[in-house]
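Student: One predicted model, sequence on top.
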Amino acid sequence: MSLWSDFLNNSDRIIHKWPQYFPIYERHFGPWANKSLVFLEISVYKGGSLQMWKKYFGPHAQIVEIDIKDKCKKYQEEQVSVRIGDQSDHRFLAEVIEEFGPPDIVLDDGSHQMDHIASTFEYLYPLLSKNGVYLVEDPSHRLLGRVRWRHGQT
């Protein structure tokens, strides 16, 4: 089953993703599936995407999620670590990198504020592993009405 099919058939936690990103995910993240990797996603939201990534990347992946909201800590589970902090705080990011090692993939779906995106990129991009992938999702909210939601349990 593809990542898109998994998204469409999701009946668990809410996954909030734009449909046009799925071919990009498959193209750039696909080579990392079922390999040992550190996947760092900024923004937990309802915890659905962390389950999706865990399933997609397989049992050897370390899924690391960052969010600014304390309540997101409840989504931590086996193979998934949640750390609470501000994505633009370089000291916080340094602690995360020290704990988990350099990321192979960074997916920034965090604040969507350009200053945060730039600050996070400037810090994390040089730390990516060789052939790593850095993807920033929806840096503008102008088109929020076109986003597609898949609701599972909340």
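Tutor: Looks like it came in fine.
Student: which helices and strands sit right next to the helix or strand hosting E65?
Tutor: Applying DSSP states H and E as the criterion places E65 in strand 61-67. Strand 61-67 sits against strand 37-42, helix 48-57, strand 80-84, helix 90-100, with contacts defined as 3 or more C-beta pairs under 8 Å, 6 or more residues apart in numbering; DSSP states H and E. To be clear about C-beta, it is placed using only N, CA and C from the backbone, and glycine gets the same treatment.
Student: worst average pLDDT in these?
Tutor: Here the lowest mean pLDDT among those goes to helix 48-57, at a mean of 84.
Student: residue contacts, the residue nearest to G85 when sequence neighbours are not counted?
Tutor: Nearest non-adjacent residue to G85, counting by C-beta to C-beta, 6 or more residues apart in numbering: F92, 3.6 Å away. Contacts for F92 (C-beta atoms under 8 Å, 6 or more residues apart in numbering) come out as 83, 85-86.
Student: With neighbour count as added columns, please give those in JSON lines.
Tutor: Converted to JSON lines, the contacts of F92 look like this (neighbours: other C-beta atoms under 10 Å):
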{"residue": "R83", "neighbour count": "19"}
{"residue": "G85", "neighbour count": "14"}
{"residue": "D86", "neighbour count": "17"}
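Student: With distance to D104 as new columns, can those be given to me in TSV?
Tutor: Below are those laid out as TSV (distance: C-beta to C-beta, whole Å):
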residue	distance to D104
R83	17
G85	20
D86	23
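Student: Nearest to D108 among these?
Tutor: Closest approach to D108 among those (C-beta to C-beta): D86, at 13.0 Å.
Student: Against W18, how distant is the nearest residue to the closest one once chain neighbours are set aside?
Tutor: Excluding the flanking residues, the one nearest D86 by C-beta to C-beta, 6+ apart is I68, at 5.6 Å. Relative to W18, I68 is positioned 21 Å away (C-beta to C-beta, to the nearest Å).
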